[in-house]
Each structure stands twice: as C-alpha cells, then as structure tokens.
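[1] sequence and computational prediction follow.
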Amino acid sequence: MSATEREEVPWRIQAAVYGVGLFNTSLFYIGSVIIPLYAYTMNPSPFMFGLVFAAPHVLPLLLSIHGGALMDRLGARQVMLACTAMGAVMPLFYPLTPAIWGLIFLQMFLGLSESMGWLGAQTMIGQYMQGRTVYAGRLSAVIRISQLAAPPLAGVAWDLAGPWGAFLMMSTWASGAVVCTLLLPARPPSADGEALAPTARPRLRARELMPKAGDYLTAFGLLRSPAVVLIVLLGSLMHVGNAVQGSFYIAWLTELGITGTAIGLLSPAGAIGAALFSLMTARLTRYVSGLWIVLVSLWLGMVLICITPLLGSYFLLQVAMFLRSGANGLAQPLIITLVLRGAGQSNQGKAIGLRGTANRVASIIAPIMMGIVAEAAGLEASFYVVGVAVSIAMAAVAVYLLRRPDVARSAED
C-alpha cells in the first residue's frame with residue numbers, strides 16, 4: 001500500500017459521511033418498529049401485510065442504477081440533498097393515511113428516499129474516502145448507533161404518543177441526514193486529502209435527470225466479472241433477511257404479546273453485535289478471502305432470523321439478534337468495498353446502484369412470498385420456507401467457489 005493510499009481522510013469529512021449513513025439508515029430501523037405496528041392496526045390480510053413491505057422496494061428497483069449514475073455525474077452530495085430532504089418529510093404523512101392502499105403508496109416513496117440515501121452513503125466511501133474497507137467498516141459500525149438508539153425511542157414514542165408521536169420522531173431523526181450532507185464539501189478531496197479547487201458547475205438541464213439507457217448498459221456490463229456477480233447476489237440475499245426482520249418478524253412478536261417498547265429494545269443487542277463485528281472485517285481479510293467471509297456470515301445471519309419461531313424466550317431473541325446483526329455487520333463493509341473495487345472510479349455510483357437493484361428484487365419477493373406461504377400454511381411455516389430456500393442458494397454459491405477458487409482470489413485484486 002502506498003503512502004498516498006495510507007493517507008487518512010480528514011475527520012470532518014469522515015464524520016459527515018458517517019452521519020449521513022447513520023441518520024439515513026434510521027428510516028429503516030425506526031420504520032421496522034412503527035410501520036408494522038401501524039399496518040397491524042388496519043387488520044390487513046397476510047398478503048396485504050406483505051405487500052406493505054414489498055412496496056418500498058418498487059421505485060428503488062427501477063431507479064437505483066439511475067440514481068447511482070446521477071451520483072457519478074453530479075456527485076453524491078447533490079443527489080443526497082434531495083433524497084435526505086424527502087426522507088425527513090415523508091413520515092409526517094403516515095398518520096394522515098388510514099387506508100392500507102394509502103400506506104402502500106407512501107411506502108414506495110419513503111423506500112426510494114431510504115434506498116438512495118444509503119446508496120449515496122456507500123458511494124461517498126468511494127468518492128470521498130478512497131473506497132477503503134477500513135472506512136466502510138467504520139461506516140457500518142457507526143450506523144449501528146441508529147439501530148441502537150432509534151428503535152427503542154420509536155417504540156416508546158409509539159406506546160406514549162401513538163402514531164403521531166412515533167412518526168414525528170422518525171421525521172426529526174431523519175433530518176440529521178440533511179444536516180450532515182450540507183456539511184460535506186461540494187467537491188471530494190484529492191488523493192492527498194487537499195480540497196479540490198472549485199470549478200464552474202455545469203447548468204443542470206431537465207434531461208440530465210432522466211434515466212439513460214447507456215447508464216443501465218454500463219451498470220449491467222459490470223456483471224461480466226464473476227466476482228461482481230457473486231457479491232451482488234450475496235448482498236441481495238442479506239436483504240431477504242432484512243425484509244423478514246422488518247415485516248413478519250414484527251408480526252410474530254406482536255402475536256406473542258410483546259409490546260412496541262420491548263420490540264424496540266431488541267435492536268440495541270443487534271446494534272452492538274453489528275458494530276463490534278464491522279470493526280473486525282478489515283483485519284479478518286488478511287487471513288480469509290472476502291467472498292468466503294461474506295458467504296458464511298450472511299448464511300448464519302439468515303438462519304438466525306428464520307429460526308425465530310423456535311426461540312421461546314425474550315432472552316433468546318436478544319441473543320439471536322446480537323449474533324444475526326453481528327454476522328451481517330461482518331459482511332457489510334466487504335459487500336460495499338468489493339463492489340466499488342470491481343467498478344472503477346467512474347462507475348462507482350452505477351455499481352452501488354446495481355447492487356441496490358438486486359437488493360430490491362430480493363426485498364420485494366421475500367415479504368410477498370412469506371405472505372403467500374403464511375396464508376397457505378401459517379406464519380410459522382413461512383420463516384422456515386424462506387430459511388431453506390436461502391440456504392440452498394448459499395450452498396450453491398459455496399460449491400461454485402470451491403470449484404472456482406480463482407473467482408474468490410480475483411475479488412481481492
């Protein structure tokens with residue numbers, strides 16, 4: 001590693017990027033508590049309940065690559081200003097929406113904001129922070145503060161102030177992402193850490209904001225690399241587990257009679273586990289291939305969410321949450337940096353957008369399929385069906401890597 005590569009990114013930039021990630025991911029962690037609780041009050045069928053949690057992934061599925069391309073052209077900061085502002089405003093409309101179809105509509109736009117905001121934070125690791133695993137690990141650790149603090153506060157706000165208090169808390173917390181985005185310099189620093197001189201900003205035309213076929217072709221062209229294909233696939237399987245945790249997991253706990261506050265208090269265990277394991281990732285890659293770390297840790301995380309019906313006590317739920325989030329925290333920095341590394345400097349936003357597209361496919365399918373299985377065989381069976389399906393996919397990837405060790409090595413180059 002050269003001296004330039006070892007140069008520390010200024011902490012004022014690091015703090016702003018980590019803050020963007022921290023406050024933006026709050027939309028997911030807070031929403032995973034209060035949105036299922038709010039949807040549950042409408043007494044939806046299992047299928048409609050699943051549709052509520054598939055809806056946030058529809059627009060990101062269509063626009064993640066386009067959003068990433070805009071970040072490549074305009075810079076992540078410019079795109080993030082719009083996305084984080086939308087994320088701060090959208091929660092205020094939820095208490096005004098008593099119908100399940102209105103909730104589904106709002107979920108689509110809140111999902112777009114949350115997705116683009118998180119994709120932007122990842123892209124900033126490449127644009128502002130040299131795409132290094134150590135910074136991705138710190139980002140992955142810092143965002144757990146929102147997982148640690150936000151869900152318990154959301155649960156308390158729900159119990160004390162109902163939907164209005166909970167969604168107002170969500171909006172206020174998400175506003176922090178807007179502030180952190182404003183604190184970033186308009187242009188990323190150069191490789192030596194010095195701020196680049198400002199240049200004249202090209203006039204932004206409406207056509208620049210429209211999706212371009214060439215951007216999608218370039219993004220999908222990155223899949224020519226088997227290593228990129230595998231890391232995108234594995235990252236999407238992680239989101240299957242996240243989709244389960246953010247929907248039917250909460251419904252299961254509610255049926256057990258666990259309160260909103262108690263559900264929110266499960267998140268601190270997960271946050272601590274994810275933060276601790278995230279900081280270990282860069283060191284562990286000295287000894288084990290990054291793709292193998294991602295594969296094994298994500299499979300363990302998936303198993304731990306799908307055995308939820310077998311956990312007979314609140315203490316065991318806490319332990320499982322700690323280990324599941326720890327496994328995901330170990331994999332997350334590598335998923336980010338391996339995708340950035342395979343894309344090249346000019347396509348980092350598109351690569352993150354490609355990853356986001358695959359994630360959304362998984363996140364749409366998982367709750368809908370769980371809803372169908374739950375209606376046919378019961379809620380408990382849906383956990384097991386998803387766990388078996390993902391385990392089969394993970395086993396197939398493991399066999400492929402054993403037969404093609406060159407692919408695992410290429411991901412490290």
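    Yes, it's here.

[2] state the helix or strand in which the residue with the shortest distance to the centre of the chain lies.
    With distances taken as Cα atoms, centre = their mean, Trp118 lies nearest the centre of the chain, 6.3 Å away. Assigned by DSSP states H and E, Trp118 falls within helix 100-129.

[3] counting contacts, what elements does that helix pack onto?
    helix 11-40, helix 46-54, helix 58-74, helix 76-89, helix 133-142, helix 314-343, helix 348-377 (3 or more Cβ pairs under 8 Å, 6 or more residues apart in numbering; DSSP states H and E). Every residue, glycine included, has its C-beta placed from N, CA and C.

[4] again, only this time at 10 Å
    helix 11-40, helix 46-54, helix 58-74, helix 76-89, helix 133-142, helix 144-183, helix 314-343, helix 348-377 (3 or more Cβ pairs under 10 Å, 6 or more residues apart in numbering; DSSP states H and E).

[5] buried set for it?
    100, 103-104, 106-129 (16 or more other Cβ atoms under 10 Å).

[6] now stretch 309-324
    317-318, 320-324.

[7] tell me the mean pLDDT for stretch 139-159?
    For stretch 139-159, the mean pLDDT works out to 81.

[8] any idea which helix or strand carries the residue nearest to Cys306 when sequence neighbours are not counted?
    Counting by Cβ to Cβ, 6 or more residues apart in numbering, Cys306 lies nearest to Gly387, which is 2.9 Å off, once chain neighbours are set aside. Gly387 is part of helix 379-403 when elements are defined by DSSP H and E.

[9] and that helix, what does it pack onto?
    Here helix 379-403 touches helix 46-54, helix 226-245, helix 248-255, helix 290-306, helix 348-377, helix 405-410, going by 3+ Cβ pairs under 10 Å, 6+ apart.

[10] quick revisit: quick check, the residue nearest to Cys306 in contact with Met302.
    Yes - if you go by Cβ atoms under 10 Å, Gly387 and Met302 touch, sitting 6.4 Å apart.

[11] so what sits against both of those two?
    Taking Cβ atoms under 10 Å, 6 or more residues apart in numbering as the criterion, Gly387 and Met302 both touch 240-241, 244.

[12] which member of these is positioned nearest Phe277?
    Lowest distance from Phe277 to the shared contacts of Gly387 and Met302 (Cβ to Cβ) belongs to Gly241, with 15.1 Å.

[13] before we move on, the earlier item: take the helices and strands packed on helix 379-403 and write them to TSV, including distance to Ala271, mean neighbour count and mean pLDDT.
    Shown next, in TSV, are the helices and strands packed on helix 379-403 (distance: least, Cβ to Cβ, whole Å; neighbours: other Cβ atoms under 10 Å; pLDDT from 0 to 100):
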stretch	distance to Ala271	mean neighbour count	mean pLDDT
helix 46-54	21	22	79
helix 226-245	13	23	78
helix 248-255	16	20	80
helix 290-306	14	22	86
helix 348-377	21	24	75
helix 405-410	30	14	67
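
[14] can I get those in a markdown table including distance to Ala269?
    Shown next, in a markdown table, are the helices and strands packed on helix 379-403 (distance: least, Cβ to Cβ, whole Å):
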| stretch | distance to Ala269 |
| --- | --- |
| helix 46-54 | 22 |
| helix 226-245 | 13 |
| helix 248-255 | 14 |
| helix 290-306 | 12 |
| helix 348-377 | 23 |
| helix 405-410 | 32 |
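
[15] nearest to Gly67, of these?
    By Cβ to Cβ (comparing all of these), the closest turns out to be helix 348-377, at 5.7 Å.

[16] how distant is the closest one from the center of its chain?
    Computed by Cα atoms, centre = their mean, to the nearest Å, the chain-centroid distance of helix 348-377 equals 12 Å.

[17] returning to that earlier point: out of the helices and strands packed on helix 379-403, which comes closest to Gln14?
    Among the helices and strands packed on helix 379-403, helix 348-377 sits nearest to Gln14 (Cβ to Cβ), with 17.7 Å.

[18] just want the angle from the closest one to helix 379-403.
    Inter-element angle recorded for helix 348-377 and helix 379-403: 140 degrees (by axes from the mean of the first three to the mean of the last three Cα atoms, to 10 degrees).

[19] mind checking how far Leu300 is from Ser278?
    Separation of Leu300 from Ser278 (Cβ to Cβ, to the nearest Å): 15 Å.

[20] ok, now Gly241?
    In terms of Cβ to Cβ, Gly241 sits 16 Å off from Ser278.

[21] Val79 too?
    If you measure Val79 against Ser278 using Cβ to Cβ, the figure is 25 Å.
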